[in-house]
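S.K.: 3D model of this:
(2 chains)
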There are 2 protein chains.
Amino acid sequence: MIDPKVLEDEFHAAQEAVARQGDVVRSLKAQAKEGHVERSAVDEAIEMLKQVKIDMERKQKAYEDATGKTAGANKEAFRAAMTNALERRLFYIPSFKIYGSVAGFYDYGPPGCAMKQNVTQTWRNHFVLEENMLEVECPAVTPEIVLKASGHVDRFTDFMVKDVKTGDCYRADHLLEGTLEAALEDTKAPLSKEAAYEARDLLARVGELGAAELGAALTKYGVKAPDTKNDISDPFPFNLMFKTSIGPRGDMVGYLRPETAQGIFVNFKDLLYYNGSKLPFAAAQIGSSYRNEISPRAGLLRVREFTQAEIEHFVNPADKSHPKFKSVADVAPLLYSRALQMGDEKKPKRIPLGEAVSQGIIANETLAYFIGRTYLFGEKIGLNTERIRFRQHLQHEMAHYAEDCWDFEVECSYGWVECAGLADRSAYDLTAHAGMSKVELNAYERFPEPREEDVLTILPNKKELGKLFKKDAQTIAEALEAMSECDALEMQGKLAAGQAAPLKTGGRTFEMQPGFVEIKKERKKLSGRNFTPGVIEPSFGIGRILYCLFEHAFYTREGDDQRTVFRFTPVTAPVKCTVFPLLQRAELNEKAEAMSAALTRERLSNTVDTTGTTVGKRYARTDEIGVPFAITIDYQTLEDSTATLRERDSTAQVRVPLADLPGLVRRLTDMELSWADVAAQYPAQAPASED
Amino acid sequence: MIDPKVLEDEFHAAQEAVARQGDVVRSLKAQAKEGHVERSAVDEAIEMLKQVKIDMERKQKAYEDATGKTAGANKEAFRAAMTNALERRLFYIPSFKIYGSVAGFYDYGPPGCAMKQNVTQTWRNHFVLEENMLEVECPAVTPEIVLKASGHVDRFTDFMVKDVKTGDCYRADHLLEGTLEAALEDTKAPLSKEAAYEARDLLARVGELGAAELGAALTKYGVKAPDTKNDISDPFPFNLMFKTSIGPRGDMVGYLRPETAQGIFVNFKDLLYYNGSKLPFAAAQIGSSYRNEISPRAGLLRVREFTQAEIEHFVNPADKSHPKFKSVADVAPLLYSRALQMGDEKKPKRIPLGEAVSQGIIANETLAYFIGRTYLFGEKIGLNTERIRFRQHLQHEMAHYAEDCWDFEVECSYGWVECAGLADRSAYDLTAHAGMSKVELNAYERFPEPREEDVLTILPNKKELGKLFKKDAQTIAEALEAMSECDALEMQGKLAAGQAAPLKTGGRTFEMQPGFVEIKKERKKLSGRNFTPGVIEPSFGIGRILYCLFEHAFYTREGDDQRTVFRFTPVTAPVKCTVFPLLQRAELNEKAEAMSAALTRERLSNTVDTTGTTVGKRYARTDEIGVPFAITIDYQTLEDSTATLRERDSTAQVRVPLADLPGLVRRLTDMELSWADVAAQYPAQAPASED
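M.R.: So this is what the prediction gives:
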């Protein structure tokens, strides 16, 4: 029997051959239309396409028969059909294609670029505008000290192994995963029960293994370089930041930011001032981030340059309530809490957010509020809400400082994909930057009522110190004032007992005697306090969201695999409306152009298709890029100044006065009107055949 | 007498001291309000501010008296006042401030970020949407080969000199400029007439000097390192691209793109196909570009990371007419043509674009069309059209391949600043990428009528060549087919005369004999031709446009230097409307919040100011960031459900029903209504004093 992996590879190769030949056919067709090539060349290419399709289907069947993996193969076929549609219509394509491309970089073509802006603008309206956030825009090039403070210089790494002969690089965890999955699925040489248990356990923990454990596992399972079967090196950490040098001297190290968040943290002080020194407030940034992935894969899901939209919501750690929490308390997304993940069913559950907070499932109102807003955002842009869930990080997945973390996961053909992370990061980030920059990053809280508290005061006797220590006196006084409460009380104990006490500072030790410093705890009336704010961070990956949106929107017309459609919501659709003159006549074209201009005045992106092929083919072409509405100008238009308006998914049509159309499409696009409203208001038009 | 340069430096230092002390006062005031610091500390700081202001005025006067430079000083003072207002309200601030900043990087704070988006979105509507351009988004990280093809790896350089002792780096041309300007302005030791003529000539050509000329000039004028007065090195070229490495192996060089244009060129083939293989079409890209400037200066005008908006309009070089040219033929911007620059008056002139094309001042309709559209864009976003001009490049300023170039220049306190360049770049870029990538980047033109043309055909006698040259036969046949028309005809002459002819290829020479190849010119009927499209490139710097917009919009209220205002047009203003409850009462606050929510539903960015200071102070605060409209909720609102609406520049107020307000502000913001329309429709409200 043939290795299923071989069959799978053959099937995928055949899929690619189909996609390639499809491109050839399309290109030849276009050239033939211009009189460039003979019709016979097109026919020949079509014949070839049929053959590679038959070959692909045969290989698909062989693969499915051998593995019983119909579902997986269906997913692969679905994805292949969709990415083919996306690349053909330039939603996105590998960058630098004429130079052979570089892994992990994609270009957005016209419809992809428009959709990305629509999603980003919806995000901005939904979060920044509706929540009155402070939006900032900071550079991507970042000096080293900022990322030293944030921990990225030291810890933003993946484990890498090298092919010892070729020097090719691989992600150690990916190689181990692949090997473990293959071993678990190997039907010819199945693992023993114990071995399978061990492999499964390791698979679940791959992301958390240290260098030594990872190295041991790679050795144990005899992992080799996948392309050459050569030995691999021990795993070692590889920093994922792109490094550069700022300025002409060559002595200032810079990195491309690995996230947009740091730009907000370093501006915290100014932003707090801008906000009238009041907490809570949120700042947001949308922009490019960069990660020099070792082996980018999975298309838009793991790329080296991507758009992030991040929010940092600064709060008083003692009060994480949210004034607008009520507005989402009844929203009930699928929550996959720690308990549900550890339980027997291992299934997420719809829980109203109000309940989730009161039961302590989600740590606080503010975090839950953002989970609710994120869910509503997903719904607004057209994600299938049955395929959205929020998964809580298990205790060991979280950084030590994090109080609670939830991933916004969306299901697609790759499984559940993390499209946003929502984390309560406590005061970690501001504390780190305050420490490195020596700039206080605090807020001030005025107590509702003044409070009495025991306050430690340290009063160096500067006169005495000056006399004895001369030029060191200032240093000593500062060191005394900077003592921790604990050290100060210890010193006070000794001095009070008439003993000397050592003071260490700057590598030197000074002998403190009674009378050099007064240390006491006093009861004081305090009207407020300084504190480092906590931060709750929702962080979105726009490219991943876009990709999932494509998958949730893609389908083929019943009974015709070739007629692909994207059911984008009007607000995200790349083009809102197309205008067709039914036939290639000057008087119809003129009306179509006038309609297009009227739509443009309503800020509705639109195109006029005057190619004069059948209207059915033209509808199909707009379905392919998910245009929700089409207006057709026909001879009746010349008589009664009406035109037909077609809705993409139902393919239903109504007849509408020209003057009404721009406003109507505007309101449909803003989702102030539904198609049902329109169908109720205007007479239906029996559609001509769409073929 | 003191050196004027010293006086100028002293004056600037004093200006900065005033700005700094102003910040201290504001910060203390805010803290005092929260009960943080004593009122006496604030008073002390204000007293200090008064003193540094007096000192500054004294130094300004000394400087102006010594140089007679009142105008310049006014410009400086204007700029200092404006940038103070901009930084204080976080329009933009130096990046990484808590770490001491890095030259050439700026962060946009909330109002700056909002304005940048408004300007960018207006650009997108004006160009991409209205012209149906194909917008793309490509990565900033770019592999070396792309920028090798474009010429940036070899030629994107500035001349740099180093301080021989400290290693500090300077731009050679800037140092020379500074020295020449100082020499020309030196009133104590004025230059002789000849020397002044020479210095002025050199000054005009600084940007075009080669390394040798530049070095000679630096030596002749005895230029030293400005900070240390040490000797400087000879000038040498420094590449301005940020360099990085792609992938984990460390062997793939990448750069941060120095312009967004290349992403469009490498996608030309796909974009042409997307456009149905039809020319002309335009593609556009908005995104970050990066230039590692040697010594960034002049704030937002010369930075290391900036936003570009670029258009590549692809045309048939034989037809650069534009279908929509008529729509701008009567637009008459200030044109500063080559002739006007070389003439006696040296002044630009308003010339209708139709005339400019017909007189051959602008090379073609398409270039002129974009000049017109750029002018209208400048007008739309609120630039002062008296301070906009288009300056044609002199012949020696243009690259050898360029057919015509015009800079869109805007006047500000730094002089005339290039905010966009509009260039007819011929087929240079596509030819360069086709050559490097070996991918044909052509378009096909079908002739209206088939044409008869003499076509050269070269038919190697492959059988004969195979027999004689064995494995070299293929190489020889290809070399024969690749001969230029000229070489082929020369060879044909020899062969026809029965002579042998040499063929050079790959460093070897082969003897061609009669019968080896048939070369002939045939009359053929051609239905079309392949050609490399030309490109017309309008390229905008968004940050520079923003900066000029700030300058054109900034003013102070009559009689009060402290009340600064930005007269932003509603479409670019960062916040469209503020809502004030007249007094701090729950019932007024509630109405204000409801109004704010209604404005948000209209997608109007707005803020509620409930601080309860005088309404005049609150108006002043919104004037400072250029909010065009303010709604005040007062006791009358509770009675008759009306509120006042105030316009920023006139400070006029009308009384409007609450229900009308959101729609009214929406239409004012979209500039569908003018304030005059509103004033005619609603009763005026006598404003309360704004103090």
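S.K.: From here on, just use CA atoms for contacts and neighbour counts.
M.R.: OK.
S.K.: give the contact list for A:Lys575.
M.R.: To be clear, residue A:575 is Val; Lys isn't right here. For A:Val575, the contacting residues are A:111, A:114, A:604-607, A:626-628, by C-alpha atoms under 8 Å, 6 or more residues apart in numbering or on different chains.
S.K.: Find the nearest non-adjacent residue to A:Ile519, please.
M.R.: Of all residues not flanking A:Ile519 in the chain, A:Ile458 sits nearest, at 4.6 Å (C-alpha to C-alpha, 6 or more residues apart in numbering or on different chains).
S.K.: Tell me the residue of the stretch 351-500 of chain A that sits nearest chain B?
M.R.: The nearest approach of the stretch 351-500 of chain A to chain B comes at A:Ser437, 5.7 Å away (C-alpha to the nearest C-alpha).
S.K.: What pLDDT is listed against that residue?
M.R.: With respect to pLDDT, A:Ser437 has a value of 93.
S.K.: shouldn't it be in contact with B:Tyr99?
M.R.: Yes: counting by C-alpha atoms under 8 Å, A:Ser437 touches B:Tyr99, with 5.7 Å between them.
S.K.: In terms of packing, which of the two has more residues around it?
M.R.: A:Ser437 (19 against 16; other C-alpha atoms under 10 Å in any protein chain shown).
S.K.: strands paired with the helix or strand hosting A:Gly254, and their directions?
M.R.: Taking DSSP states H and E as the criterion, A:Gly254 maps to strand A:253-256. Here strand A:253-256 is paired, per DSSP bridges, with strand A:141-143 (antiparallel), strand A:243-245 (antiparallel).
S.K.: So A:Glu453: helix, strand or coil?
M.R.: strand (DSSP: H, G, I helix; E, B strand; the rest coil).
S.K.: pLDDT weak spots in the stretch 451-600 of chain A?
M.R.: Flagging of the stretch 451-600 of chain A using pLDDT under 70 yields an empty set of residue ranges.
S.K.: Which stretches in it count as strands?
M.R.: Taking DSSP state E, counting those that start in this stretch, the strands of the stretch 451-600 of chain A run over residues A:501-505, A:508-512, A:517-531, A:534-541, A:554-556, A:564-566, A:577-581.
S.K.: and which of the contacts of A:Val575 is nearest to chain B?
M.R.: Out of the contacts of A:Val575, the member with the shortest distance to chain B (by C-alpha to the nearest C-alpha) is A:Ser605, at 6.3 Å.
S.K.: For that closest one, give me its contacts.
M.R.: By C-alpha under 8 Å, 6+ apart, the neighbours of A:Ser605 are A:574-577, A:599, B:129.
S.K.: hmm, 7 Å instead?
M.R.: Neighbour list for A:Ser605: A:575-577, B:129 [criterion: C-alpha atoms under 7 Å, 6 or more residues apart in numbering or on different chains].
S.K.: Could you tell me how many residues sit around the residue lying closest to A:Lys29 once chain neighbours are set aside?
M.R.: Closest residue in space to A:Lys29, ignoring its immediate chain neighbours: A:Val42 at 6.2 Å, by C-alpha to C-alpha, 6+ apart. Neighbour count of A:Val42, defined by other C-alpha under 10 Å: 20.
S.K.: cool, and A:Thr610?
M.R.: With other C-alpha under 10 Å as criterion, A:Thr610 counts 18.
S.K.: A:Thr431 now?
M.R.: 20.
S.K.: so which strand or helix has it?
M.R.: Assigned by DSSP H and E, A:Thr431 belongs to helix A:428-437.
S.K.: And that helix, what's buried?
M.R.: Neighbour-count burial for helix A:428-437, counted by 16 or more other C-alpha atoms under 10 Å in any protein chain shown, picks out A:428-434, A:436-437.
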